Structures are given as structure tokens and as C-alpha cells.
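Trainee: 3D model of this:
(chains A and B)
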Amino acid sequence: MKRRLVDIAHARSGDKGDRCDLGLFAPDAVTYAVLKREVTPERLARHFAGMASGPVELYPLDNLLALKIVLNGALSGGAARSLRSDNLGKCAAAALLRMEIELPPDLVIPANAGIQKDA
Amino acid sequence: MKSVRIGAGLGFYGDSWRPVAASIERGGVQYIGSDHLAELTLAILQKDRQKDPAAGYTRDLVPMLTSLWPLAQKHGVKFLLNAGGLNPEGARDALVAEFSKRGWRAKIATVTGDAVIGRIDALRAAGESLDHLDSGASVDTVRSRLLFANAYLGAQPLVRALEGGADIVLTGRVADAALFLAPLIHEFGWAADDWDRLAQGLTVGHLLECSGQGSGGNFNSYLENGWESVPDLGHIGYPIAEVSADGTAVITKAPGTGGRVDFDTVRQQLLYEVHNPHAYFSPDVVLDMGTLRLEDLGGDRVRVSGATGKPRPEKLKIVAGFDDGWAGTATIGYSWPGAMNKARATETIVRKQLAETKLQYEEIHTEFLGFNSLLGALADDSKIDDLNEVYLKMSVRAKDRRLAEAFPRQFPWLALSGPPTASGFSGIEPARQLLGLWPTLVRRELVEPEVKVSLQETAQ
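Mentor: Okay, here's the model as predicted:
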């Protein structure tokens, strides 16, 4: 069963120089295990291919049920020189939540989770 | 057991201080740490200072403290603010003048010595390459275009200011979290090598340095209990930390305020703008977040404990800014039918005209507002053919200001002679200066001896 991350996780992103960094957060340990298995540096690199020119770094934090993701070369050289509207990479977290991953069939997703309306 | 209560001030230059009043009035805070300097703020302040040598500090300082000081004095609250920017002494003079005029008494400390723009050659002579921290490029590639260069100072000079009895501590560039770590070191007498406690203090500072982002603002969740369920953002309470002597802290907010402090809102802020969470650098300590424990106590209270600290780095980070050209921008809208088709046709026409004229730009960037300006290459283009409307936004990078300003002049004729339904043209906007940032490292001993703390009392 494929689902978008927005249905099972939440995320925030920000900038540091030419790096965009994202935190991806699972609501519980079961979902965290799924994220850890499915959200790999390779998949992230494919998902953000149009945005990040450098390597993707990934740091799992079991204590926070969270993945820390760093996209190198993702902000056109940095916020103060960029011509982009989202020069600070604030919306990269939203782009991450659109990524689809494979869920185990028995993973329970709350009925009202995520935004199904425009799916 | 003694605890210290610190409240979040502003999270950036231009942020609201209304929630700070609630923290002072009802949150029982003893200190407010206020972060006015994002990575690029010094660039804005440099432009101010080029026009007026007395400027160069964030101009929200005086109105903010004028508004909050009577309440703060009544409750015995002290302030630490990096609002000094590129001119902490100018900030102090402006504040002293305003307080003296009102007959308000305060002891104001100023921390200087972070600015190293005048010492670039001396630092290089002392053996620092000042090469770019990430790319390794030589500073010679930007040397003639440098506009400012400031070291991130740690908490120790701010601690000295508090020991001197300061009510208000004004700094230039310091590590954001130092504004919060300093009162903890001052109150608890933590040793400069008590790494785990310092790491706890750094964690507290990091959770408070972005104002409402630590208490339910910009909470990017669409799950149950997502952002729409966060109460009353219009009256958000900024985060407050109650810290014990061992460094354990409870993050909370003032009663009766909006926002939410829970496991989710706190952990979103904890990882915000962090690179390697096992080595979060500050001038005072290196934090490993891998051992942190967040316990949701309910009632807008989250306990934070278990930080692991590693010895502080040998070198300080410097961020310099350099002139990186000028941006010219124009925006023009098109309605249904075929809005996107028309916007794209206009883009093509403009690009062809630029190629036919002498207007040569280093970069041309196109966005379609309402379609892909925020998500860029990751926008979903499945509904692109039936948009109600879309705005074409084109931006160029030019070496020269006048060349950048020529760009929006390529658009007005399109209203009568281009694709149909053109509307909402943004006009001939002035060019905007672009700045490149240059992060690098220097040995502490080349910067710290220049750091000075001075105290001044306002006349009553």
C-alpha cells in the first residue's frame, strides 16, 4: 500500500548557507520503523533531484522518533543571494511530505490523518 | 530547589514582541533572550550603516524595550539581545538616549569584538586561511567584495556582563543560544568545562531562539493534532524554560496564551536548522542530541533532559558577507483560460528579447506564482492546464545595479501587445542587492582578546 508521508508523519525545514535541512517526525514507534526503512538517502536524492545538487545526509534519532535530513547544495548558493521566492527552504518540508512510500498493510492510519482531499 | 525561568524574545528582526509582555506579566520569567540576527540580517544592517554610520543595529530595539521596560522593571526581568548587530555601541547610545529622556534607570552592558572585517589581513598573517568552510575556496575570490565579517561569540562575555550587574545586555553577533545559556551559567555557576550541563543549556537556548516556533507556531503537521488544532495563534505565547541547576528544563508558556507546547511542537523546533544532530556546534560546547529525552507532561509542559556535551571547538565560526550582484524582478498575471500557457508564452518572449538586446544577465530565474514558486521542481503539474490564474515572476542576477533595474522595464508593453488578459503587473521595482555568505573558521585566541564588555548606567 503506497501512501504519502503527509498521512503518517510531520516535518519542518530551514536553511543554513546553501544547505536545506529537514526534520521528519513519526507519531509512534511503529511508524518510525517504517520511515527508517523506507526513507533512505537514495530515495531522498531521487525525490529532491530537481532541488539539491549535492549529497543527501540522513541521521536517524531513535530517541525522538525522527529522521534528520540534510540536502546539500539545495538553496541556489544561500538565502541572501538566491532569486527564489522560497529562498529559506521553508517549503522543502512540504515537498518531503508529498513523497510516497510503501506501507505495511497492517499499519493503522487514523481515518482523519493527512490531507486526502486533493489526492 | 532553585530554578531559573527564561523566556523567548524575538526570533528575528521584525518579529512581534507582544507575546513577550505576556511572558513577563504572567509567565514568571527572570530573563528574556532575544534573537534579532538571522544569518542574513547583518547584510541588511550593513546597507543601513553604509547610509548612516550611527545605524547598523536592528531598529526594533528601542521601540521594543520602550514598550516592555516598565513591565520588566516591575517584575525584575533582565534582557539579553543581539540587537546590536554591526553597531552595539550605537544601539546602546540610542537606548540610553531614549531611557534618559523618559527618566528610566537601567544598567546597560555592551559586548563588542565580534566584528573582524577590519582584521582580515591580520588574521591571515596569523596563519588563518579564511578559506570557505564548505567548498574550500580561497577568500581571495571574494576579498574585494566583503561587506562584513563577524565571529559567533559564546556565552562567556554575556556572563561577565550579568556579573557586572547589567539589566540589559546588548551584543552583536553571538551564537543565538548564548543569549539563553549565559543567564544559566551566571545563575548556577556552571564551569566552562561542565559539558553536559552546558549542552542542556544549549538545548534550552535552541528551543527558545525562534520565538513561536518553539510553542506551536509554523507547526507543519497535517495529522490528528496538526497545525489547525493549535489554539489561538493570534495570541501565541512564546516558549519559556524553567531550568534546574542540573540543567534539566521544562519548556512551557504563559498561562492564558495561544499556541501549544507538546512533544511534537518541541521536537520540530529541536531539529530545526540542525545539521549533524550528534555534533551541534556552539562556541561553548558541542551537543549530541542522540541522548536527549523529551517527556510530555501535559498542560503545555515538556521536560527536556539527558543532553550529552562534548568539549567546545578550538575554532570560532565567522560568517562574512560579500556583494554578489543585484536582482531585478517583474511579476505579471494571467487569468483563465489557458493562464499557464499565456504566462509561459510571455516568458519565452521576454527571454528572446533579452537575447536580441544587449541586456546580458548572469542568471534568469522563472517562477509561476500560484503554481510552483514555493515548491519549484517538486510542484505537482497535473492540474496545470485549468488554473484560474497564474502570475509569471521573473528575476535576474546582474553585476550592475542599473542593469538589474532595466529588467522590469521589459514588461509594460506586454499589457497591450502581448498575450491576452495580462493584469496585475508589479511595476518598475527597484533592484535588490544580493549577498553571498562566506562561512569560515578562526582560532579563538585571535578573536577573544578583542572582546570587550562595557557597562553604562542611564541618567535618572
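
Trainee: For the stretch 301-450 of chain B, which residues are neighbours of chain A?
Mentor: Within the stretch 301-450 of chain B, the residues that sit near chain A (Cβ under 8 Å from any Cβ of the partner chain) are B:306, B:321, B:324-325, B:327, B:329, B:363, B:365, B:367, B:369, B:373-378, B:380, B:393, B:395-397, B:434-437, B:439. C-betas here are computed from N, CA, C, even on glycine.

Trainee: Apply 6 Å and report the result again.
Mentor: B:324, B:327, B:365, B:367, B:373-375, B:377-378, B:395, B:434-437 (Cβ under 6 Å from any Cβ of the partner chain).

Trainee: Point out the residues in chain A that sit beside chain B.
Mentor: Neighbours of chain B within chain A, by Cβ under 6 Å from any Cβ: A:6, A:10-12, A:14, A:16-17, A:23, A:25, A:50-51, A:59, A:61, A:64, A:68, A:70, A:78-81, A:83, A:85-86, A:91, A:93, A:95, A:110, A:113-115.

Trainee: Tell me, how many residues neighbour residue B:266?
Mentor: A count of nearby residues for residue B:266, using other Cβ atoms under 10 Å in any protein chain shown, gives 22.

Trainee: How far does the strand or helix carrying it sit from its chain's centre?
Mentor: Assigning secondary structure by DSSP states H and E places residue B:266 in helix B:263-270. Remark: helix B:263-270 is offset 18 Å from the chain centroid, using Cα atoms, centre = their mean, to the nearest Å.

Trainee: next structured bit after it?
Mentor: Going down the chain from helix B:263-270, the next helix or strand is strand B:280-281, by DSSP H and E.

Trainee: Pull out the buried members of the residues of the stretch 301-450 of chain B next to chain A.
Mentor: Buried residues within those, counting neighbours by 16 or more other Cβ atoms under 10 Å in any protein chain shown: B:324, B:327, B:365, B:367, B:373-375, B:378, B:395, B:434-437.

Trainee: Tell me the one of these nearest residue B:310?
Mentor: Residue B:310 has its nearest neighbour among these in residue B:437, at 26.2 Å by Cβ to Cβ.

Trainee: which residue packs closest to residue A:26, ignoring adjacent ones?
Mentor: residue A:32 (3.7 Å; Cβ to Cβ, 6 or more residues apart in numbering or on different chains).

Trainee: and the closest residue to chain B within chain A, which of the three is it?
Mentor: Nearest residue of chain A to chain B: residue A:50, at 2.5 Å (Cβ to the nearest Cβ). Classification of residue A:50 by DSSP: H, G, I helix; E, B strand; the rest coil places it in coil.

Trainee: pLDDT score for it?
Mentor: Listed pLDDT for residue A:50 reads 92.

Trainee: can you give me phi and psi for it?
Mentor: The phi/psi pair for residue A:50 (degrees, to the nearest 10) reads phi -80, psi -10.

Trainee: count of residues packed around it?
Mentor: A count of neighbours around residue A:50, defined by other Cβ under 10 Å, yields 12.

Trainee: for the closest residue to it other than its chain neighbours, phi and psi?
Mentor: Distances taken as Cβ to Cβ, 6+ apart put residue B:377 closest to residue A:50, at 2.5 Å, once the chain neighbours are dropped. Phi and psi for residue B:377, reported as degrees, to the nearest 10, are phi -60, psi -10.

Trainee: Next, the distance between the ends of stretch B:364-377.
Mentor: This stretch, stretch B:364-377, spans 16 Å end to end (Cα to Cα, to the nearest Å).

Trainee: Pull the contacting residues for residue 17.
Mentor: Chain wasn't specified; assuming chain A. With contacts defined as Cβ atoms under 6 Å, 6 or more residues apart in numbering or on different chains, residue A:17 is in contact with A:78, B:437.

Trainee: Chain B, not that one
Mentor: Counting by Cβ under 6 Å, 6+ apart, residue B:17 makes contact with residue B:64.

Trainee: So which residues of the stretch 101-250 of chain B form strands?
Mentor: Counting by DSSP state E, counting those that start in this stretch, the stretch 101-250 of chain B has strands at residues B:107-112, B:146-151, B:168-171, B:240-244, B:249-252.

Trainee: excluding its backbone neighbours, what's nearest residue B:161?
Mentor: Distances taken as Cβ to Cβ, 6+ apart place residue B:109 nearest to residue B:161, at 3.5 Å, with adjacent residues excluded.

Trainee: Around that neighbour, how many other residues sit close by?
Mentor: Count around residue B:109 with other Cβ under 10 Å applied: 25.

Trainee: wait, isn't it in contact with residue B:455?
Mentor: Yes. Between residue B:109 and residue B:455 there is a contact under Cβ atoms under 6 Å: 5.1 Å.

Trainee: do you know how far the residue nearest to residue A:26 is from residue A:14?
Mentor: Residue A:32 sits 22 Å away from residue A:14, going by Cβ to Cβ, to the nearest Å.

Trainee: try residue B:253
Mentor: On the measure of Cβ to Cβ, residue B:253 and residue A:14 end up 21 Å apart.

Trainee: Which one of the two is surrounded by more residues?
Mentor: residue B:253 (28 against 22).

Trainee: what's the closest residue in space to that one that isn't next to it in sequence sitting at in phi/psi?
Mentor: Leaving out its chain neighbours, the residue that sits closest to residue B:253 by Cβ to Cβ, 6+ apart is residue B:237, at 3.5 Å. The phi/psi pair for residue B:237 (degrees, to the nearest 10) reads phi -100, psi 130.

Trainee: wouldn't residue B:237 be in contact with residue B:255 here?
Mentor: No. Using Cβ under 6 Å as the test, residue B:237 is too far from residue B:255 to be in contact (8.2 Å).

Trainee: For those two, work out which one has more neighbours and name it.
Mentor: The neighbour comparison of residue B:237 against residue B:255 (other Cβ under 10 Å) goes to residue B:237, with 28 against 12.

Trainee: quick one, what contacts that one?
Mentor: By Cβ under 6 Å, 6+ apart, the residues touching residue B:237 are B:19, B:22, B:215, B:253, B:254, B:257, B:259.

Trainee: of all the residues you listed, which comes closest to chain A?
Mentor: Set against chain A, the nearest of the contacts of residue B:237 by Cβ to the nearest Cβ is residue B:215 (13.6 Å).

Trainee: ok, so what distance separates residue B:457 from residue B:99?
Mentor: Here the distance between residue B:457 and residue B:99 works out to 10 Å (Cβ to Cβ).

Trainee: So those two - more neighbours on which side?
Mentor: The residue with more neighbours, out of residue B:457 and residue B:99, is residue B:99; 22 against 15, by other Cβ under 10 Å.

Trainee: quick one: low-confidence ranges for chain A?
Mentor: Scanning chain A for pLDDT under 70 picks out A:110-119.

Trainee: Would you list the phi and psi of the residue nearest the centre of it?
Mentor: Centroid-nearest residue in chain A: residue A:96, 3.5 Å away (criterion: Cα atoms, centre = their mean). Residue A:96 adopts backbone torsions of phi -60, psi -40, taken as degrees, to the nearest 10.

Trainee: wait, doesn't it sit right on residue A:11?
Mentor: Yes. Assessed by Cβ under 6 Å, residue A:96 is found in contact with residue A:11 at 5.2 Å.

Trainee: list the residues that contact both of the two?
Mentor: Joint contacts of residue A:96 and residue A:11 (Cβ under 6 Å, 6+ apart) are residue A:22.

Trainee: what ranges do the helices span in chain A?
Mentor: Per DSSP state H, chain A carries helices over the ranges A:29-38, A:41-47, A:92-97.

Trainee: how much space is there between the residue sitting furthest away from the middle of chain A and residue B:149?
Mentor: Among the C-alpha atoms of chain A, the one most distant from their mean position (Cα atoms, centre = their mean) is that of residue A:81, at 24.5 Å. When Cβ to Cβ is applied, the distance between residue A:81 and residue B:149 equals 16 Å.

Trainee: which residues touch the residue nearest to residue B:260 when sequence neighbours are not counted?
Mentor: Spatial nearest neighbour of residue B:260, chain neighbours left out: residue B:216 (3.8 Å); criterion: Cβ to Cβ, 6+ apart. By Cβ under 6 Å, 6+ apart, the residues touching residue B:216 are B:230, B:259, B:260, B:265.
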